[in-house]
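# sequence first, predicted model second:
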Amino acid sequence: MIYQRVALIGLGLIAGSMSLAIRRGGLAGETVGTARSAQTRDTAREIGLCDRIVDTVAEAVAGADLVVLCVPVGAMAAVAAEIGPHLAPGATVTDVGSVKQAVIDAVGPHLPEGVHFVPGHPIAGTEHSGPRAGFPELFDSRWTLLTPLEGGDPEAEAKLRALWEGMGSFVESMDANHHDLVLAVTSHAPHLIAYTMVGVADDLRRVTDSEVIKYSAAGFRDFTRIAASDPTMWRDVFLSNKDATLEILGRFTEELFALQRAIRTGDGEHLHSFFTRTREIRRGIIEAGQDTDAPDFGRRPKSSS
Ligand SMILES: NC(=O)c1ccc[n+]([C@@H]2O[C@H](COP(=O)([O-])OP(=O)(O)OC[C@H]3O[C@@H](n4cnc5c(N)ncnc54)[C@H](O)[C@@H]3O)[C@@H](O)[C@H]2O)c1
Ligand SMILES: O=C(O)C(=O)C[C@]1(C(=O)O)C=C[C@@H](O)C=C1
């Protein structure tokens, strides 16, 4: 057992999955959950999501040695302000937000002296949300990134790392701004592109009455899955990781214009060499043993090349 009492604030996909993974691993003496809406709390009680579901955040965090903020990034500041006065001395507060520097700025000022803040982000999810969306295997063989603060407590970080490992995750620590840039490339910009592409296809269907979505192939179907993700969560992600996302989108549109021009001018060489480069990237990931979907990920030595 790593913690005596874990409080989960915001009972959706991530909190639900954490609660079930904590139970599976016997990682805490007790999990206590709460959510803003009575309907969410009732559903959580009905499906036995946590050991205890309580009506207020004050009750949830009372006596907890770990408090996990599992709300949309834009709601973190308000929730932190609410829990601040009720936190037990020596407790650790963490979060699972998809953006890290904005959460640090929003939460940090509300936490009292003697409480440890270790921000985190599991790189695992689905397009589903709400208390019924959670499942205990969500974090298995996925990365969780911690972005500890300078001068933070190493013991608090080590315990949180052990919790994520106990829930099946691989864990790495990095600087919050670096996290936000990396995630802008690997998650935030791709989501915006998927949202755009699905919107474009839908417009086209309306305009031409063609069957764009009905006959969509695997790649586009993945886009529609991604574009079904929670609108509140993603609105908050883009508004709070503005600079990094705009930087990546700027680069993306430059490349897109270059490819557009190559198509228009019949520059097959440009297209072929670009696609060759991107194919090599995928092959490199697999050869370096970095594909977390590979059945032997983490169990074989990394390639020396
Ligand atoms: N969905 C993913 O793929 C994914 C993956 C990793 C991290 N995250 C991050 O995890 C957090 C939670 O995401 P989720 O997918 O579990 O979302 P979710 O919509 O499934 O659950 C969020 C819960 O937060 C609560 N909530 C919503 N607005 C609130 C507010 N204004 N004040 C208080 N509580 C509020 C609700 O109880 C809701 O059930 C987000 O910060 C998100 O960025 C999501
Ligand atoms: O698989 C999905 O549905 C996801 O998009 C999960 C995903 C991701 O981009 O990888 C989305 C946002 C989170 O912050 C972490 C994970």
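That came through, no problem. Ligands and ions are numbered 1, 2, ... in the order given.

# nearest residue to residue 134 in space, please, no chain neighbours.
residue 16 (2.2 Å; Cβ to Cβ, 6 or more residues apart in numbering). All C-beta atoms are positioned from the backbone trio N, CA, C, and that covers glycine.

# and the one you found, that's in a helix?
Yes. Counting by DSSP: H, G, I helix; E, B strand; the rest coil, residue 16 is found in a helix.

# tell me the pLDDT at it?
pLDDT, residue 16: 98.

# check residue 199 too.
Residue 199 is given a pLDDT of 88.

# am I right that it is in a helix?
Yes. Counting by three-state DSSP, residue 199 is located in a helix.

# hmm, back to that, surely the residue nearest to residue 134 and residue 131 touch.
Yes. If you go by Cβ atoms under 8 Å, residue 16 and residue 131 touch, sitting 5.4 Å apart.

# any shared contact partners between the two?
44, 49 (Cβ atoms under 8 Å, 6 or more residues apart in numbering).

# show me the contacts for the residue nearest to residue 134.
44, 49, 131, 132, 133, 134, 135.

# switch the cut-off to 10 Å
Going by Cβ atoms under 10 Å, 6 or more residues apart in numbering, residue 16 touches 8, 10, 33, 43-44, 47, 49-50, 70, 129-136, 138.

# could you pick out the buried ones from those residues?
8, 10, 33, 43-44, 49-50, 70, 129-134, 136, 138 (16 or more other Cβ atoms under 10 Å).

# tally of neighbours for the residue in the stretch 151-300 of the chain positioned nearest to ligand 2?
At 3.2 Å from ligand 2, residue 187 is the closest residue in the stretch 151-300 of the chain, using Cβ to the nearest ligand atom. Using other Cβ atoms under 10 Å, the number of residues around residue 187 comes to 18.

# got the CA positions of stretch 230-248 in PDB?
Extracted in PDB, the C-alpha atoms of stretch 230-248 (Å, rounded to 0.1, in the frame of the first residue of the first chain):
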ATOM      1  CA  ASP A 230     -14.800  15.900 -25.000                       C
ATOM      2  CA  PRO A 231     -15.300  19.500 -26.200                       C
ATOM      3  CA  THR A 232     -14.700  21.100 -22.800                       C
ATOM      4  CA  MET A 233     -11.500  19.200 -22.100                       C
ATOM      5  CA  TRP A 234     -10.100  20.200 -25.500                       C
ATOM      6  CA  ARG A 235     -11.200  23.800 -25.500                       C
ATOM      7  CA  ASP A 236      -9.300  24.100 -22.200                       C
ATOM      8  CA  VAL A 237      -6.200  22.300 -23.600                       C
ATOM      9  CA  PHE A 238      -5.900  24.700 -26.600                       C
ATOM     10  CA  LEU A 239      -6.600  27.900 -24.500                       C
ATOM     11  CA  SER A 240      -4.000  26.900 -21.900                       C
ATOM     12  CA  ASN A 241      -1.300  25.600 -24.200                       C
ATOM     13  CA  LYS A 242      -1.700  28.500 -26.700                       C
ATOM     14  CA  ASP A 243       1.900  29.400 -27.500                       C
ATOM     15  CA  ALA A 244       3.200  25.800 -28.100                       C
ATOM     16  CA  THR A 245       0.200  24.800 -30.100                       C
ATOM     17  CA  LEU A 246       0.300  27.900 -32.300                       C
ATOM     18  CA  GLU A 247       4.100  27.300 -32.800                       C
ATOM     19  CA  ILE A 248       3.400  23.800 -34.000                       C
END
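
# name the element the nearest residue to residue 116 once chain neighbours are set aside belongs to?
Of all residues not flanking residue 116 in the chain, residue 156 sits nearest, at 3.7 Å (Cβ to Cβ, 6+ apart). Secondary structure assignment for residue 156, by DSSP states H and E: helix 154-166.

# give the other helices and strands that that helix contacts.
Helices and strands touching helix 154-166, as assessed by 3 or more Cβ pairs under 10 Å, 6 or more residues apart in numbering; DSSP states H and E, comprise strand 3-9, helix 13-25, strand 66-69, strand 92-95, strand 116-117, strand 120-122, strand 143-146, strand 170-173.

# if we go to 7 Å?
On a contact count with 3 or more Cβ pairs under 7 Å, 6 or more residues apart in numbering; DSSP states H and E, helix 154-166 meets strand 92-95, strand 143-146, strand 170-173.
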